[in-house]
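Colleague: Dropping the sequence and predicted coords here.
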Amino acid sequence: MNKTLKKNSSFTLIELLVVIVIIGILAGLVTIAATSFINNSHNARMVAELAGISKKLIGETEFPAGNFCMEDGSDEAKKLLDFLEMEKAPAHPLYNGGTHLTTNECFLYFSDGEHYSIRVPTVGNKGYLIQESRNPNPQGIQEKCEEGWIPFGNRCVMKYEAKYDADKEQAVSKATSIPWTKETAGTEVEDYLTWYKAKEECEKIGAHLITNAEWMALARDIESVDENWVGTGTDRALKMGNTGNAAPVNSDAWYALDSADYVGHPDPNDKADRSSTSSAKLILSNGQVIWDLSGNVSEWIDKIISTQKGLIGSGNYVEINSIDWANLTNMHISYSQIGPLDKNGDNFTSSNGIGTICLSSSEGCFALARGATHINKKNTGVFTFYFKDLPSTSLDTRGFRCVR
């Protein structure tokens, strides 16, 4: 009788290695999926919490003044919770007990008594969630926006400074043509671009003029991305856009997204060499690209403040960190609404590309602008805070950007 030999059923070393690799890949996929699920859950909860807060505040004409993390347990935070009739403050999943001066990862509340804003970073690098009295309708995280706009948290933001479309007779976000400022392309636009006009044009396209909370969310997010920095140590600096003497750019070459060796407009007074970088292009944590948030032209912000309420300065550009923020009692201005996080004690100045602050030396009602222009040299930066022009002012170096 013939005997059939049994095949060796043991695994070879190669087979074991293949199994281990497959298990590793599956484990990685499971981890990624689980992390994504957890992040989405956290973000959904924070969106719901902001919506709940908005519902309680809609219709109010006055709000508790202050600037603080709603989680920090301070007397100001407790007063806000009482105002909202909430027993427990919302909490960012990564909140570590810091203050509005030391962390981004909290429900950052700011109010001058007349308006309020809350900004909070998402988990998993999807941008920031913004809730404001100026635009009170709650929104969920935006995954996709129309061409020329980019998703950032629960907002869609113009990727470029607003341009004038002669065919549509409205503001558009596109790379071509110069920013819509005082005039565009000769006589195409007859109106000067005042603050009022910028606000009106954004509303015409179902959007709103960018607010300071939205600008600061973008700036703080840009600050957190290493690709937006050049140099090391004390020479480390945020990239700036067009800071040469040339007029605002109107060439597609300026927006060459794939040009790694593009030569920008470096400022010779800066410590860091920006000449080998596409300085006008800034990267957000969600991988989106935004252009000319500093340099080229400054941009109107949806905020008017009366200096008679105490917001007044020298009329000159000064360093952001030269102000005694710890003892500043003005409820219309706060470091967390102007400057970088600077949690490592870097003591950044304009030489590090963050920008400066300029407050009017006269009294009146002025409109806020940010970013500075191509002629402001080292005063240009994503954190530059310019508060010196009446809302009726029109400048060929002042543009705007819309948000939905």
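Modeller: On my side now, so go ahead.
Colleague: hey, let's count contacts and neighbours off CA atoms from now on
Modeller: Will do.
Colleague: if I've got this straight, Glu214 is in a helix?
Modeller: Yes: read with DSSP: H, G, I helix; E, B strand; the rest coil, Glu214 is one of the residues of a helix.
Colleague: So for it, what's the pLDDT?
Modeller: If you check Glu214, the pLDDT there is 98.
Colleague: residues contacting it?
Modeller: Remark: with contacts taken as CA atoms under 8 Å, 6 or more residues apart in numbering, Glu214 is in contact with Arg119, Ile130.
Colleague: For Ser360, see how far away it is.
Modeller: As for Glu214, its distance to Ser360 is 23 Å (criterion: CA to CA, to the nearest Å).
Colleague: now Lys199
Modeller: Summarising the geometry, the distance separating Lys199 from Ser360, computed by CA to CA, is 22 Å.
Colleague: avg pLDDT for the host helix or strand of Ala27?
Modeller: Ala27 belongs to helix 13-57 when elements are defined using DSSP states H and E. Here the mean pLDDT over helix 13-57 is 83, rounded to a whole number.
Colleague: which is the next helix or strand following that helix?
Modeller: If you walk from helix 13-57 toward the C-terminus, the next helix or strand you reach (DSSP H and E) is strand 66-69.
Colleague: roughly how far out does the next helix or strand after that following strand sit from the chain middle?
Modeller: Once strand 66-69 ends, the next helix or strand along the chain (criterion: DSSP H and E) is helix 75-84. Using CA atoms, centre = their mean, to the nearest Å, the mean C-alpha position of helix 75-84 is found 27 Å from that of the whole chain.
Colleague: Note down every partner strand of whatever helix or strand comes next after helix 75-84 and its orientation.
Modeller: Read in the C-terminal direction, the helix or strand following helix 75-84 is strand 108-111, with elements assigned using DSSP H and E. With DSSP bridges as the test, strand 108-111 is paired with strand 66-69 (antiparallel), strand 116-121 (antiparallel).
Colleague: Let me have those strands in CSV, extended by mean neighbour count, mean pLDDT and distance to Leu218.
Modeller: As requested, the strands paired with strand 108-111 are exported to CSV (neighbours: other CA atoms under 10 Å; pLDDT from 0 to 100; distance: least, CA to CA, whole Å):
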stretch, mean neighbour count, mean pLDDT, distance to Leu218
strand 66-69, 26, 94, 18
strand 116-121, 23, 96, 10
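Colleague: which strand in the chain runs the most residues?
Modeller: For the chain, the strand that runs over the most residues, judged by DSSP state E, is strand 298-306.
Colleague: in its sheet, what does that one sit against?
Modeller: Strand 298-306 has the following strand partners under DSSP bridges: strand 365-370 (antiparallel), strand 398-399 (parallel).
Colleague: what are the bridge partners for the closest residue to Phe107 other than its chain neighbours, then?
Modeller: Nearest residue to Phe107 in three dimensions, chain neighbours excluded: Val120, at 5.0 Å (CA to CA, 6 or more residues apart in numbering). Judged by DSSP bridges, the bridge partners of Val120 are Leu129.
Colleague: wouldn't Val120 be in contact with Lys126 here?
Modeller: No: contact criterion CA atoms under 8 Å: Val120 and Lys126 do not qualify, at 11.1 Å.
Colleague: middle-most residue in the protein, spatially?
Modeller: Most central in the chain under CA atoms, centre = their mean is Leu218, positioned 1.0 Å from the mean C-alpha point.
Colleague: can you map out the strands along the stretch 101-250 of the chain?
Modeller: Along the stretch 101-250 of the chain, counting by DSSP state E, counting those that start in this stretch, strands occupy 108-111, 116-121, 128-132, 149-152, 155-158, 163-165, 170-172, 208-209, 229-230, 237-238.
Colleague: Residues in contact with the second one: which ones?
Modeller: By CA under 8 Å, 6+ apart, the residues outside strand 116-121 that reach it are 63, 92, 104-111, 127-133, 153, 213-214, 217.
Colleague: Now do the worst-scoring helix or strand of the chain on mean pLDDT and strand 116-121, the angle between them.
Modeller: Least confident helix or strand, the chain: helix 13-57 with a mean of 83, by mean pLDDT, DSSP states H and E. Relative orientation of helix 13-57 with respect to strand 116-121: 180 degrees, computed using axes from the mean of the first three to the mean of the last three CA atoms, to 10 degrees.
Colleague: In contact with the closest residue to Pro64 other than its chain neighbours: list those residues for me.
Modeller: Beyond its immediate neighbours in the sequence, the residue positioned closest to Pro64 (CA to CA, 6+ apart) is Gly113, lying 5.7 Å away. Contacts of Gly113 were listed using CA under 8 Å, 6+ apart, and they are Glu62, Phe63, Pro64, Ala65, Gly66, Met331.
Colleague: Which of those residues are buried, as a ChimeraX select command?
Modeller: Per 16 or more other CA atoms under 10 Å, the buried members of the contacts of Gly113 correspond to this ChimeraX selection:
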select :63,64,65,66,331
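Colleague: Confidence-wise, which of the contacts of Gly113 comes last?
Modeller: If you rank these by pLDDT, Met331 sits at the bottom with 73.
Colleague: How is it assigned, secondary-structure-wise?
Modeller: On the three-state scheme (three-state DSSP), Met331 is labelled coil.
Colleague: Touching, it and Ala65? I think so.
Modeller: Yes: the pair Met331 and Ala65 qualifies as a contact (CA under 8 Å) at a distance of 6.8 Å.
Colleague: Residues that sit against both of the two, list them.
Modeller: Common neighbours of Met331 and Ala65 (criterion: CA under 8 Å, 6+ apart): Ser111, Asp112, Gly113.
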